[in-house]
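Asks: Show me the folded form of this:
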Amino acid sequence: MSEAQLDYSVRSVLSDPSQAPSRPLRAWQRRALTKYLSTKPQDFLAVATPGAGKTTFGLRVAAELLADRTVEAVTVVAPTEHLKHQWALAAAGAGIPLDSNFRNSDGMTSSDYRGVVVTYAQVATHPALHRVRTERRKTLVILDEVHHAGDAKSWGDAIREAFTPAVRRLSLTGTPFRSDDSPIPFIGYEPDADGSLRSQADHSYNYSDALADGVVRPVVFLAYSGEARWRTSAGDEFSARLGEPLTAEQTQRAWRTALDPSGEWIPTVLQAADTRLAQLRNGGMPDAGGLVIASDQATAKAYAKTLKRITGADPAVVLSDDPNASERIGEFAESDERWMVAVRMVSEGVDVPRLAVGVYATSASTPLFFAQAVGRFVRSRRPGETASIFLPSVPVLLELASQLEAQRDHVLGKPHREKDGWDDELLAEANRQRDEPGEEEKSYTALGAEAELDQVIYDGSSFGTAAFSTTEEEQDYLGLPGLLEPDQVRALLRQRQSQQLEDVAKREAEAKAAKAAEQAEQRARPQTVQERLRKLRKELNTLVSLHHHRTRKPHGAIYNELQRVCGGPPTAMATVEQLEERIATLRSW
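Replies: Residues are numbered from 1 along each chain as shown. Predicted coordinates for the structure are as follows:
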């Protein structure tokens, strides 16, 4: 939103607070508010999934406490400048004018305001100033996305110093906590059986709860695999398939090769995502928007050119070092534009409720980053809206997609930063602007990558088998109706998977019947080794997907078992004879 919009809203409330609209509360907000008003705690932690309405709940608490004179002023602490203004705009709509332009150097603000909105960094710069402001008037402090108070010990200390005198403190978060040894101020902890301390929320509302209530959208993940090829600095060429068991180095190189804007993978996936967006816009979400999350400015601009070739229109491009980034996001949110490309800007400040299709085109893989990225698409505005996120078929992302409904508390005494990635320092690195290639990117050259739909993930389950781009199988999933209830999504995916499995079985029978003729044709016109290897790999991949859906074993476990039983190297380096043996073995299973 622009400052003009914000100033107009605030002036309207200042002139006549009674004209501020009253938004009805959702069921979870009413339950949480009842608990809060009945217990009257000094500290209260509400954990609610992104899109559930934490801001509305916080402002309702503020309105109640101001009305009965429990407090005289409100201070909101937010993670970003963009979110500061977003809070002030929402507060103005609730009849609570807050100054989001307050600076530490000002010291005071106009008496027309009922309080201020500041950032965690702003408080950490001068905690004594904010303590004095808190002591002067009975104050409610709202700590938005309170996990940021644990980003650094100095930030936590500053928050504790500044707001210990507050009459009331309301902590809000929608992002999973991390594990470390630094307690977050004003959060309660209780001992676990192993002796560690775990944060205790006073009210929790997770994604599965919100999905059941229709507060958030169902999220369908469409994972695309494909064979990637690259050349090392020594001149050696390699190929590997996304989703197969690979070393960490091979996974990263195959992943980055797929994301290369000059290759085939990205244009194929962007085309599929735009097809899905068109389906949503034609099927009940006429203003649905799409977001491509890129890693750096160069790739973001390249992705934007590809989208223009696909759609015929320039997408919005938002770069993290652009001083007008927040305004550009606000303009996109209020427009009817189809696509926005952003450089990793998926923090809490990016709030565009009409976003319904996402392309996860970055190699960032920390759980916090992924959770925040998905959070940009789940806000529900009307019944039946769904969200679709396209992503590379790599194990770490598939696991995170399957665990969308997981909830995580803050744990003290059990640091797992290197083990599980729940770390705000890693999140900051993931959001950091990157313009120069790192040593990893310099050590190899991407040669190209193909793209095909590997599987669809919904509600923790995998659906579908490998489907090449532009085929009927892929279009079946891209053409899911635009408005569906969660149980309808599940039923339809099961139906489509069942039909696809029947089609695969039919093709298998036809393939067996034609095998003799095919072998005769091969003898008459021998295929090149490259053609033969590619054909056998695709056949093996299809059989692995079929076996996965019959047994529910992960794709990687099936590949590993085949390699153990048959011997030999990974699939990407296997010979024709070794591939034929694995195909025969898998058929026997």
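Asks: show me where pLDDT drops low in the stretch 101-250 of the chain?
Replies: Counting by pLDDT under 70, the stretch 101-250 of the chain shows low-confidence ranges at 150-153, 175-181.
Asks: cutoff 90 now
Replies: 106-108, 145-156, 173-184, 187-201, 206-218, 226-227, 230-250 (pLDDT under 90).
Asks: now the strands for it?
Replies: 115-119, 139-143, 168-173, 179-180, 189-191, 197-199, 203-205, 219-232, 237-242 (DSSP state E, counting those that start in this stretch).
Asks: Can you add distance to residue 575 and give the ones you listed back as TSV?
Replies: Just so you know, the C-beta spots here come from the backbone N, C-alpha and C atoms, and that holds for glycine as well. Listed next are the strands of the stretch 101-250 of the chain as TSV, based on distance: least, CB to CB, whole Å:
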stretch	distance to residue 575
strand 115-119	59
strand 139-143	60
strand 168-173	53
strand 179-180	45
strand 189-191	57
strand 197-199	52
strand 203-205	54
strand 219-232	16
strand 237-242	14
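Asks: And the ones you listed: which comes nearest residue 377?
Replies: Closest approach to residue 377 among the strands of the stretch 101-250 of the chain (CB to CB): strand 219-232, 6.6 Å.
Asks: Pull up the pairing partners for that closest one, direction included.
Replies: Using DSSP bridges, the strands paired with strand 219-232 in its sheet are strand 237-242 (antiparallel), strand 387-392 (parallel), strand 444-449 (antiparallel), strand 452-458 (antiparallel).
Asks: how about TSV for the ones you listed, with mean neighbour count added?
Replies: Listed next are those as TSV, based on neighbours: other CB atoms under 10 Å:
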stretch	mean neighbour count
strand 237-242	21
strand 387-392	26
strand 444-449	20
strand 452-458	25
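Asks: Show me the domain layout of the protein.
Replies: Per the record, the chain has its domains at 3-211, 217-497, 498-588, by automatic domain parsing.
Asks: Quick check: next helix or strand after the helix or strand harbouring residue 342?
Replies: Taking DSSP states H and E as the criterion, residue 342 maps to strand 339-343. Later in the chain than strand 339-343, the nearest helix or strand by DSSP H and E is strand 355-360.
Asks: Quick check: which helices or strands does the next helix or strand along the chain from that next one pack against?
Replies: Later in the chain than strand 355-360, the nearest helix or strand by DSSP H and E is helix 367-375. Helix 367-375 sits against strand 355-360, helix 395-402, helix 424-431, with contacts defined as 3 or more CB pairs under 8 Å, 6 or more residues apart in numbering; DSSP states H and E.
Asks: switch the cut-off to 6 Å
Replies: helix 424-431 (3 or more CB pairs under 6 Å, 6 or more residues apart in numbering; DSSP states H and E).
Asks: which residue ranges form the helices in the stretch 1-150 of the chain?
Replies: Assigned by DSSP state H, counting those that start in this stretch, the stretch 1-150 of the chain shows helices spanning 3-15, 27-39, 54-67, 81-93, 120-125, 127-136.
Asks: Buried residues, stretch 42-52. List them.
Replies: 43-52 (16 or more other CB atoms under 10 Å).
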